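Trainee: Take a look and give me a structure for this.
(chains A, B, C, D, E and F)
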Number of protein chains: 4
Amino acid sequence: MVRWKNAVADQAEQRELRQDVLYREAARAFRENGYHATSLENIARALGISKPTLYHYVKTKGDLLFQIHMAASAQALASLCREPGLSGLERLRRTVRDYTCSTVGEDSYSVVILEEKSLRPDQLAIVVRERDKFEAGLRGMIEAGMRDGSIAPGEPRFVVFNVLGTMNWVTKWYRRGRDWTIDEIGEGVAAFVCRALTPDDQPRPVGNRLFAPGAHPKS
Amino acid sequence: MVRWKNAVADQAEQRELRQDVLYREAARAFRENGYHATSLENIARALGISKPTLYHYVKTKGDLLFQIHMAASAQALASLCREPGLSGLERLRRTVRDYTCSTVGEDSYSVVILEEKSLRPDQLAIVVRERDKFEAGLRGMIEAGMRDGSIAPGEPRFVVFNVLGTMNWVTKWYRRGRDWTIDEIGEGVAAFVCRALTPDDQPRPVGNRLFAPGAHPKS
Amino acid sequence: MVRWKNAVADQAEQRELRQDVLYREAARAFRENGYHATSLENIARALGISKPTLYHYVKTKGDLLFQIHMAASAQALASLCREPGLSGLERLRRTVRDYTCSTVGEDSYSVVILEEKSLRPDQLAIVVRERDKFEAGLRGMIEAGMRDGSIAPGEPRFVVFNVLGTMNWVTKWYRRGRDWTIDEIGEGVAAFVCRALTPDDQPRPVGNRLFAPGAHPKS
Amino acid sequence: MVRWKNAVADQAEQRELRQDVLYREAARAFRENGYHATSLENIARALGISKPTLYHYVKTKGDLLFQIHMAASAQALASLCREPGLSGLERLRRTVRDYTCSTVGEDSYSVVILEEKSLRPDQLAIVVRERDKFEAGLRGMIEAGMRDGSIAPGEPRFVVFNVLGTMNWVTKWYRRGRDWTIDEIGEGVAAFVCRALTPDDQPRPVGNRLFAPGAHPKS
DNA sequence: AATGAATGAGGGTTCATTCAT
DNA sequence: TATGAATGAACCCTCATTCAT
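Mentor: Numbers count the residues shown, from 1 in each chain, chains lettered A, B, ... in the order given. Predicted structure coming up:
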């Protein structure tokens, strides 16, 4: 008796649906317990299926990790803001907000906190290439912001790392349905990052109740 | 013939010395490959000893992880700035700088990026308690800064998470001996964090060549 | 869409035809890769059908092996020369020639090189009994030859083993369409075997270009 | 409690001894049941040890097979007769006799009847190269025999195959301690092969009670 | 103190076989 | 008839841990 975590559709797309459920469940397990600490048995049980059944949807455990990494990369790239006519900082702000929300959302594939060494070298190369696209996107905004005066000067690569750290760390501590909503987190992180980057001669973005809600209470 | 990675001292303190080398080597391996992906065989070989010999210095693999976590916690706590007479922001700045430097230093025990689930529940509780002391320290500075006007208002716990993210992520990307020195990283990260936190009506700290080197080149 | 390796006939005999194609394909796969190294998936794919479809024609994998063994035994028995009025040696010669040709022919069921242990004990017993009939046939010719003076004296069972070895080994090295034709192989092997068996006082059979083409070039 | 099939020696050579026992036991199991039908569990149990213990002496199951193949090749090469001053036929006779005895001897590594496909391609290449050396040795004798008139003319490669078939098949049917001794088998097979190869104008070698014991009983 | 040897437990993977469609 | 999906059993292999030396 197979339950598949309640995710059956009408016909031929069932397979894809199931695979997707599988990927997300695996991503969740990997994120929570780590890749090596998660056995296929664990994933199978969480889905209500047997271990060999996994192999209808997955080539190997390593390939599963790879596919998830790719899905996560696509998700990340999709959050890059491509709106024209905005300052570098503003594009970065929207990107940080959206990316952050997507990493902690219900349907997240994010596995950024995992050790990359778990991937096979050739697959790692591909994943790194994809991730570099995302980082290049961020770097592009930052460099644009430095040129258009919306972002303080600095080493763009270093700035990218700091931004990534702030965003990616969220999966470590945020739990849905507790004190703060996903949107609040996204806005708050974006405010944190952008206030760090605003040059001295520019007004800084206003945040939300989590951070920099506008004026200082003291004043 | 045992080499112990060149770390033999004179007499009875040898044991402690060796244990320390072992901890740091294990921490490095765990950090790089993950706890579960690192076998005791790996660690032993890296130290030039045999697997059973490890057991003279370590109770179990789980205990090794625990000890390292404890050492890392102590290291973290040691980087909390306790200087009196400073603003909250300044104390935070020094702490961020020192903590960051220590996590990427040669003798780091840092294992922050590891999945906590690898610890036994009772040990995890202790580790969390220790880590909470560190976070409470950070939170204290931040709350003080909010009170003394050196830090913009916000939810202190949320701010702590952002600060931790920026700092802890460094172990993910920084490689010693490449483009940037450890000190530059520490100063840069501290500048990033503190510029984010400075209230609108306050002058913001100056960074280094990595970030916010002072005035904007444009102006 | 099923292709069945192009072997569909008109009506109810389709089933038998298909089963035959299946048996031969399976025999080929078993012979080439071994019984245990051949999965039903392999066979199915080679036939262009799906794995469960196999089960319409085959009870179990073990039974498939058994059926093939039986078919091979029938094939072997069919190559026994029953011509009356011939010397023992001559009957043996024709048998060796025909048997050898049939084992390497396109439609061979031969699985002689397989480990017998793969068969279920009861099925093995049957197979052995069939094979014994073939060996008894060979032995009969040999004993007759020893009596009629066309074959040198010796232990008939031992001779049978040697003859079998020479013949059965052919599947190990012969590849159709290379240097030698099937007929050449058959004649050559027969010549090899029969020259070994001819008594000293008898003229020995002439072979072909592969072996003993008549007189010695030297003389 | 480890028994190792009673094969412990004094000190450091123990390991090699044990490995050797292991190889021979594995060769026997592979020969009898086939490579894929033999589980490491089977081998371990036959040796009185546990499965993981095997891995102290063997890298992988595939490597075990490879090592055995190499040992068998060495054993085969060692049976090539290098005596100078003998006719091609005589050298072949001694080789066939010795090789045959070694394949059925107590300490045989022979695995000739196994499917080669079980080996990894690169290892197979090496094994084939070694085996080719043996076959080249046989071929050399045969060609020499054809030149010196002790062997009937023919295609040397074809002759080699027939010789191999007769010899290698012995492992299929011979059981030690039954009706015939190993030496009888060796002599008998050698007689069989050599009588096949003797040219018409030469006296043929005399065998033993198994085959061609000299004069024909009829005469 | 140090290590080669040994093993129980567990994880990834394959496969023959069944079932529902 | 044909097949995608599902699974119990079994296998190869790794590893943390112990023991005898």
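Trainee: show me what contacts the most centrally placed residue in chain A?
Mentor: Closest to where the C-alpha atoms of chain A average out (CA atoms, centre = their mean) is A:Thr103, at 3.4 Å. Contacts of A:Thr103 were listed using CB atoms under 8 Å, 6 or more residues apart in numbering or on different chains, and they are A:Ser110, A:Val112, A:Met167, A:Asn168, A:Val170, A:Thr171. For every residue, glycine as well, the C-beta is placed using N, CA and C.
Trainee: A:Ile68 now?
Mentor: Neighbours of A:Ile68 in contact, by CB under 8 Å, 6+ apart: A:Tyr23, A:Ala26, A:Ala27, A:Phe30, A:Tyr109, A:Val111.
Trainee: Just give me the neighbour total for the fourth one.
Mentor: The local packing count at A:Phe30 equals 25, with neighbours defined by other CB atoms under 10 Å in any protein chain shown.
Trainee: Could you measure from it over to A:Gly62?
Mentor: 12 Å (CB to CB, to the nearest Å).
Trainee: A:Gly140 and chain D: what is the separation?
Mentor: Relative to chain D, A:Gly140 is positioned 46 Å away (CB to the nearest CB, to the nearest Å).
Trainee: sorry, that was for A:Val96
Mentor: 48 Å.
Trainee: so what pLDDT did whichever residue of chain A sits closest to chain C get?
Mentor: Closest to chain C within chain A is A:Tyr55: 12.2 Å, counting by CB to the nearest CB. Predicted confidence (pLDDT) at A:Tyr55: the value is 97.
Trainee: For it, grab phi and psi.
Mentor: Backbone geometry at A:Tyr55, expressed as degrees, to the nearest 10, gives phi -70, psi 0.
Trainee: And A:Phe161, by the same measure?
Mentor: Torsion angles, degrees, to the nearest 10, at A:Phe161: phi -60, psi -40.
Trainee: does chain B sit close to the least confident helix or strand in chain A by mean pLDDT?
Mentor: Taking mean pLDDT, DSSP states H and E as the measure, helix A:13-33 is the helix or strand of chain A with the lowest mean score, a mean of 93. Yes: applying CB under 8 Å from any CB of the partner chain, one finds helix A:13-33 in contact with chain B at A:Glu32, A:Asn33.
Trainee: Name the residues of that helix that come out as buried.
Mentor: Of the residues in helix A:13-33, A:18, A:20-31, A:33 count as buried by neighbour count, 16 or more other CB atoms under 10 Å in any protein chain shown.
Trainee: Likewise for stretch A:173-190?
Mentor: Buried residues in stretch A:173-190 (16+ other CB under 10 Å): A:Tyr174, A:Trp180, A:Ile182, A:Glu184, A:Ile185, A:Gly186, A:Glu187, A:Gly188, A:Val189, A:Ala190.
Trainee: Just the ones of these in helices?
Mentor: Cross-referencing the buried residues of stretch A:173-190 against helices under DSSP state H gives A:Ile182, A:Glu184, A:Ile185, A:Gly186, A:Glu187, A:Gly188, A:Val189, A:Ala190.
Trainee: Looks like the last one contacts A:Val96 (just checking).
Mentor: Yes: between A:Ala190 and A:Val96 there is a contact under CB atoms under 8 Å: 4.4 Å.
Trainee: Now do the lengthiest helix in chain A, average pLDDT.
Mentor: In chain A, taking DSSP H as the definition, the longest helix is helix A:121-148. In this model, helix A:121-148 has a mean pLDDT of 97.
Trainee: For it, which helices and strands make contact with it?
Mentor: Under the contact criterion of 3 or more CB pairs under 8 Å, 6 or more residues apart in numbering or on different chains; DSSP states H and E, helix A:121-148 touches helix A:61-78, helix A:88-104, helix A:156-173.
Trainee: still on that earlier bit, okay if I get the buried residues of stretch A:173-190 as a markdown table plus distance to A:Arg139?
Mentor: Shown next, in a markdown table, are these (distance: CB to CB, whole Å):
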| residue | distance to A:Arg139 |
| --- | --- |
| A:Tyr174 | 25 |
| A:Trp180 | 29 |
| A:Ile182 | 26 |
| A:Glu184 | 27 |
| A:Ile185 | 24 |
| A:Gly186 | 21 |
| A:Glu187 | 23 |
| A:Gly188 | 23 |
| A:Val189 | 18 |
| A:Ala190 | 17 |
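Trainee: Let me know the closest of those to D:Pro203.
Mentor: A:Tyr174 (96.0 Å; CB to CB).
Trainee: which residues sit in contact with the closest one?
Mentor: A:Val104, A:Trp180, A:Ile185.
Trainee: Show me the domain layout of chain A.
Mentor: Listed domain ranges for chain A are A:13-58, A:65-197 (source: automatic domain parsing).
Trainee: For C:Leu80, which of those domains is the nearest?
Mentor: Checking those against C:Leu80 by CB to CB gives domain A:13-58 as the closest, at 47.4 Å.
Trainee: Including mean pLDDT, could the helices and strands packed on helix A:121-148 go into TSV?
Mentor: Formatted as TSV, these follow (pLDDT from 0 to 100):
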stretch	mean pLDDT
helix A:61-78	97
helix A:88-104	97
helix A:156-173	97
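Trainee: quick one: which of these is nearest D:Ile151?
Mentor: Among these, the nearest to D:Ile151 by CB to CB is helix A:61-78 (57.2 Å).
Trainee: chain center to the closest one, what's the gap?
Mentor: 11 Å (CA atoms, centre = their mean, to the nearest Å).
Trainee: Could you do stretch A:56-67 as well?
Mentor: For stretch A:56-67, the distance to the chain centre is 20 Å (CA atoms, centre = their mean).
Trainee: Contacts for stretch A:133-141, please.
Mentor: Against stretch A:133-141 from outside (CB under 8 Å, 6+ apart): A:73, A:76-77, A:80-81, A:88-89, A:91-92, A:95, A:156-157, A:160, A:163-164.
Trainee: redo that, cut-off 6 Å
Mentor: A:Ala76, A:Leu77, A:Leu80, A:Gly88, A:Arg91, A:Leu92, A:Pro156, A:Val160 (CB atoms under 6 Å, 6 or more residues apart in numbering or on different chains).
Trainee: what residues does chain A put near DNA strand E?
Mentor: Residues of chain A that fall close to DNA strand E, judged by CB under 7 Å from any atom of the strand: A:Thr38, A:Ser39, A:Leu40, A:Glu41, A:Lys51, A:Pro52, A:Tyr55, A:Thr60, A:Lys61, A:Gly62.
Trainee: Buried among those? Make that a PyMOL selection.
Mentor: Buried residues within these, by 16+ other CB under 10 Å, are selected in PyMOL with:
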select buried, chain A and resi 38+40+61
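Trainee: which residue sits closest to A:Arg15, ignoring its sequence neighbours?
Mentor: A:Tyr57 (7.6 Å; CB to CB, 6 or more residues apart in numbering or on different chains).
Trainee: Are the least confident helix or strand of chain A and DNA strand F in contact anywhere?
Mentor: Yes: applying CB under 7 Å from any atom of the strand, one finds that helix A:13-33 is in contact with DNA strand F at A:Gln14, A:Arg15, A:Arg18.
Trainee: I'd like to know how far A:Trp173 sits from A:Thr166.
Mentor: 12 Å.
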